[in-house]
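Visitor: How does the following fold in three dimensions:
(one chain, ligands or ions: 1)
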Amino acid sequence: MSLLVIGTVAFDAIETPFGKTDKILGGAATFISLSSSYFTKKVNIVSVVGGDFPQENIQLLKSHGVDTEGLQVLENEKTFFWSGKYHIDMNTRDTLETQLNVLEKFNPAIPENYQNCEFLMLGNLAPAIQKQVINNLKQRPKLIVMDTMNFWMEIALDELKETMQLVDVLSINDEEARLLSKEYSLVKAAQKILTMGPKFLIIKKGEHGALLFNKKEVFFAPALPLEDVFDPTGAGDSFAGGFIGHLAASKDISFENMKRAIIFGSAMASFCVEKFGTEKLQHLTHSDIEHRVQDFIDLVQFDIELDIES
Ligand code: AMP
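Guide: Below you'll find the predicted structure:
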């Protein structure tokens, strides 16, 4: 089933305790598209770049089967740029610079071919643009998943709340869940956020895994303990790509299947952090992914007999 992905296609400059990069390929929609391309062959992207964006990066997306008809190139403008620096724990980071550039004028036109998409992934982007995409679709997709970040909570909270009303699943990290709900307990935060629009909430906790909530149930998936985390940039987006990619491929949006999707998402995130930027996501095989998912199963599987005597 076809998946429409929107979000930034960007240049990132990253600094971690292990090294530093100049401008490399990044952006929420880039990570999401690459990650989801391992699950479904019908990935369509709507985004914008400037004239400075290398053709080879567009080729890279195409080589993964991603349809780039909806990727606008504004020849006289510059591509969105983000730079960030990770702390020694690799779980927290500071944004050093965000240059919106092409995003300031972005009008997300949806190509006719993308109109009947059944799954929509609203990657991190200005919430007003995310809303515009929903409104520009003639038919509501079967499932809308939204990602966002503290940056938009700080500068565009009203628009963010409006967009949240229109989506099925919201995916944010623990810090953002606390910021949005003004609750420290993640259980209380989830309860509050689930009254704000989405029916499902994913709270990502970096190296401590991810939680999936609906109003009645909760599911937890660990993160794989990795010996070396090289660069966490894009982990959340790779997670989102695996999550929605699995749902789109299996066409099943039940809570039970979302649990599996969370594991696929976690597996994709675990690959992403092993190299800088999109490097690792570029060369995976289906067998790599199957082995990684098996690692997750082995990590949490145990037998227990519940006959505790009173
Ligand atoms: P993640 O590490 O999954 O949160 O995503 C990192 C990606 O998000 C980077 O590749 C950035 O280009 C992109 N990004 C950073 N800040 C923003 C922003 N304010 N809006 C949209 N995308 C962003």
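Visitor: Low-confidence stretches in this structure?
Guide: Within the chain, the stretches with pLDDT under 70 are 1, 310.
Visitor: The ligand contacts on that one?
Guide: 8, 10, 12, 26-28, 82, 98, 124-125, 149, 151, 233-237 (Cβ under 6 Å from any ligand atom). All C-beta atoms are positioned from the backbone trio N, CA, C, and that covers glycine.
Visitor: Please indicate which of those residues are buried?
Guide: By neighbour count, with 16 or more other Cβ atoms under 10 Å, the residues of the chain next to the ligand hold 8, 10, 12, 26-28, 82, 124-125, 149, 233-237 as buried.
Visitor: Which members of the residues you listed occur in helices, if any?
Guide: Counting by DSSP state H, these place Ala28, Ala235, Gly236, Asp237 in helices.
Visitor: Surely the last one touches Leu34?
Guide: No - contact status for Asp237 versus Leu34: not in contact, 9.0 Å apart, counting by Cβ atoms under 8 Å.
Visitor: Tell me which helix or strand Ala128 sits in.
Guide: Element membership for Ala128, per DSSP states H and E: helix 127-136.
Visitor: Show me what the following helix or strand past that helix is packed against.
Guide: Counting by DSSP H and E, the next helix or strand C-terminal to helix 127-136 is strand 143-147. Using 3 or more Cβ pairs under 8 Å, 6 or more residues apart in numbering; DSSP states H and E as the contact test, the elements touching strand 143-147 are strand 119-122, strand 169-173, helix 235-250.
Visitor: rewinding a little: show me what the helix holding Ala128 is packed against.
Guide: strand 3-6, strand 119-122, helix 157-164.
Visitor: Just the endpoints, please. Distance across stretch 229-239?
Guide: Start-to-end span of stretch 229-239 (Cα to Cα, to the nearest Å) is 15 Å.
Visitor: Run through the residues that contact the most centrally placed residue in the chain.
Guide: Closest residue to the average C-alpha location of the chain: Asp237 at 2.6 Å, with Cα atoms, centre = their mean. For Asp237, the contact set (Cβ atoms under 8 Å, 6 or more residues apart in numbering) comprises Gly7, Ala28, Ala29, Thr30, Phe31, Ile32, Ser35, Gly123, Asn124, Asp147, Cys272.
Visitor: Mind giving me the ChimeraX select for those, buried ones only?
Guide: Only the buried entries of the contacts of Asp237 go into this ChimeraX selection, using 16+ other Cβ under 10 Å:
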select :7,28,29,30,31,32,35,123,124,147,272
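Visitor: quick check, nearest of the contacts of Asp237 to Glu56?
Guide: Nearest to Glu56, judged by Cβ to Cβ, of the contacts of Asp237 is Thr30 at 13.0 Å.
Visitor: Where does the closest one fall, secondary structure wise?
Guide: Assigned by DSSP H and E, Thr30 falls within helix 28-36.
Visitor: So what angle separates the directions of the helix or strand following that helix and helix 28-36?
Guide: Downstream of helix 28-36, the first helix or strand assigned by DSSP H and E is strand 43-50. Going by axes from the mean of the first three to the mean of the last three Cα atoms, to 10 degrees, strand 43-50 is angled at 150 degrees with respect to helix 28-36.
Visitor: helices or strands next to strand 43-50 in the packing?
Guide: When contacts are defined as 3+ Cβ pairs under 8 Å, 6+ apart, strand 43-50 packs onto strand 3-6, helix 28-36, strand 66-74.
Visitor: Name the single longest helix found in the chain.
Guide: helix 255-272.
Visitor: That one - contacts with which helices or strands?
Guide: Going by 3+ Cβ pairs under 8 Å, 6+ apart, helix 255-272 lies up against helix 28-36, strand 200-204, strand 210-213, strand 218-221, helix 235-250, helix 286-300.
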